[in-house]
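Asker: predicted structure and sequence below. I'll ask about it afterward.
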Amino acid sequence: MAYVCLNCGKKAKSIEKSFIRCQYCGYRVLAKERSSLAREISTD
Ligand SMILES: [Zn+2]
């Protein structure tokens, strides 16, 4: 599940279920990304 930081707008992956934080700016308010539900394959 990917999340979008509401502060900087970058995508952040959940590190832990109970602790989700933006890895770029440290902001702790993220929104679930719902635009690509059909694509769950990581291309990293
Ligand atoms: Zn951020």
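Answerer: Happy to help now that I have it.
Asker: distance of the nearest residue to Cys8 once chain neighbours are set aside from the ion?
Answerer: In space, and not counting its chain neighbours, Cys8 is closest to Cys25: 4.7 Å by Cβ to Cβ, 6 or more residues apart in numbering. Glycine gets a C-beta too; all of them are placed from N, C-alpha and C. Cys25 sits 3 Å away from the ion, going by Cβ to the ion, to the nearest Å.
Asker: surely Cys25 meets Asn7?
Answerer: Yes. Checked against Cβ atoms under 8 Å, the pair Cys25 and Asn7 is within contact range at 5.4 Å.
Asker: where does this protein dip in pLDDT?
Answerer: Residue ranges of the chain with pLDDT under 70: 1, 14-19, 35-44.
Asker: quick check: residues of it near the ion?
Answerer: 5, 7-8, 22, 24-25, 27 (Cβ under 5 Å from the ion).
Asker: just the buried ones from those?
Answerer: Neighbour counting by 16 or more other Cβ atoms under 10 Å classes 5, 22 among those as buried.
Asker: need the residues of the chain next to the ion in JSON lines (columns: distance to Arg34 and secondary structure).
Answerer: Formatted as JSON lines, the residues of the chain next to the ion follow (distance: Cβ to Cβ, whole Å; DSSP: H, G, I helix; E, B strand; the rest coil):
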{"residue": "Cys5", "distance to Arg34": "15", "secondary structure": "strand"}
{"residue": "Asn7", "distance to Arg34": "19", "secondary structure": "coil"}
{"residue": "Cys8", "distance to Arg34": "19", "secondary structure": "coil"}
{"residue": "Cys22", "distance to Arg34": "18", "secondary structure": "coil"}
{"residue": "Tyr24", "distance to Arg34": "20", "secondary structure": "coil"}
{"residue": "Cys25", "distance to Arg34": "21", "secondary structure": "coil"}
{"residue": "Tyr27", "distance to Arg34": "19", "secondary structure": "coil"}
